[in-house]
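Asker: I'd like to go over a predicted model; first the sequence, then the structure.
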Amino acid sequence: MKRILISSVLIVSMLIPSMAQEKEQKLKELEQLEQQTVKTTPPDTLVAMEEELMTAEEEMLAEEEMLAEEAAGKSRVRIGELMTIEETDDETIIRVGKKGLRVIEEDIETVVQDEGQDNEGVRYTGKSRRRFEGHLGGPEFGFNGYSTGKWLNNDSPLEGYLDLNTAKSTSFNFVFPPVNIGFARHFGIVTALGINFNNYRFDGNNTIVVDGEGNITPAYPAEPIEYEKSKLATVYGFIPVMLELQIPVSHGSAINLGAGVVGAVKLGSHTKVVYHDDGKQKEKNRDDFNLNVLRYGVTARAGYEMVQVYGTCYLSPMFEKGKGPELYPFEIGIALTFND
């Protein structure tokens with residue numbers, strides 16, 4: 001019996017280490033198998049399918065939004081991840097991140113303001129496709145004269161010494177860039193500042209002076225001198241204010257019709273004579289010659305694009321009342337406008 005017990009103890013002591021070693025070997029094999037399973041197992045297909053479905057849904061929503069915007073007359077352009085430009089018929093919205101600017105095209109002005117705020121914004125006055133542009137501003141060339149009555153009516157004979165050489169009685173005007181007030185795209189008010197140079201070329205062998213009583217009177221050269229040239233020159237600053245109607249014809253071109261009033265202030269005047277006496281002689285006499293400092297009248301013009309035909313008739317007398325003959329100046333010519 002004792003021998004059997006000793007033999008059993010020896011057998012168990014030998015079996016325990018081998019069983020432990022076998023168990024440890026099986027654990028190692030299980031760990032290796034798990035590692036290989038992790039490496040070869042594909043990503044979660046459900047998660048991938050959910051992401052694809054979300055992306056497709058976002059694209060469909062974006063496409064539906066774009067179609068709705070196009071139907072409403074709106075277009076959108078995305079530049080990178082942060083910048084978006086949206087444009088409609090009346091305004092353009094530029095967004096950078098969460099900030100945005102709204103550019104509004106009005107009839108006369110362009111307004112830039114923060115998006116979503118009811119403020120006046122910054123206004124820029126500039127040419128736009130809906131802005132009225134009057135045809136005034138630039139050089140004007142013409143002929144001038146005067147009549148003894150308003151509206152170019154010669155109610156009484158002209159004094160002989162005031163006869164004009166009409167072909168050489170010329171005018172030159174320069175009109176500065178205008179101010180336009182549009183009531184519609186092709187109708188509005190236009191005004192500007194200008195300088196008016198008039199040359200009244202006398203036809204007789206005479207000039208004019210102011211006599212001792214302060215009246216205009218003729219002056220003749222001593223014999224046998226003959227004046228080669230004799231003229232009265234005036235310089236006025238003037239302001240026309242006109243209503244203008246534009247009649248579109250084709251390709252954006254228009255026939256222009258304008259009429260209004262004009263006011264002027266005298267800046268200077270002189271007479272000039274040229275004759276031969278031991279050589280060519282020139283004499284200038286600077287005086288006011290009793291010319292009215294202020295004058296007013298009516299003006300009209302018609303043309304196509306930048307070329308206009310104009311006429312101006314002054315309703316105030318040329319000379320001060322009682323100090324010279326009653327004459328009413330006028331001029332007719334061609335104007336070139338450079339504001340198209």
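Answerer: Sure thing, it's come through.
Asker: Apart from its chain neighbours, what residue comes closest to Ser269?
Answerer: Distances taken as C-beta to C-beta, 6 or more residues apart in numbering put Thr234 closest to Ser269, at 4.7 Å, once the chain neighbours are dropped. Bear in mind the C-beta positions are built from the backbone N, C-alpha and C, glycine included.
Asker: Quick check: beta-bridge partners of Val190?
Answerer: Note on Val190: beta-bridge partners Asn180, Met242, judged by DSSP bridges.
Asker: actually Tyr146, not the one I wrote
Answerer: Pro329.
Asker: Same question for Met83.
Answerer: Applying DSSP bridges to Met83 gives these bridge partners: Ile79, Val96.
Asker: Model confidence at it, what's the number?
Answerer: Note on Met83: pLDDT of 70.
Asker: least trustworthy helix or strand in the chain by mean pLDDT?
Answerer: Least confident element among the helices and strands of the chain, by mean pLDDT, DSSP states H and E: strand 122-125 (a mean of 51).
Asker: Give the next helix or strand downstream of the helix or strand hosting the residue nearest to Ser269.
Answerer: Using DSSP states H and E, the element containing Thr234 is strand 229-248. Sequence-wise, the next helix or strand beyond strand 229-248 is strand 254-276, with elements assigned using DSSP H and E.
Asker: quick one: the residue nearest to Ser269 and Val273, what's the gap?
Answerer: In this view, Thr234 and Val273 are 16 Å apart by C-beta to C-beta, to the nearest Å.
Asker: Next: Gln246.
Answerer: Gln246 is 46 Å from Val273, by C-beta to C-beta.
Asker: before we move on, back to that, so the residue nearest to Ser269 touches Ser171, yeah?
Answerer: No: using C-beta atoms under 8 Å, Thr234 is not in contact with Ser171, being 9.6 Å away.
Asker: Mutual contacts of the two, please.
Answerer: Here Thr234 and Ser171 have 196-198 as joint contacts, going by C-beta atoms under 8 Å, 6 or more residues apart in numbering.
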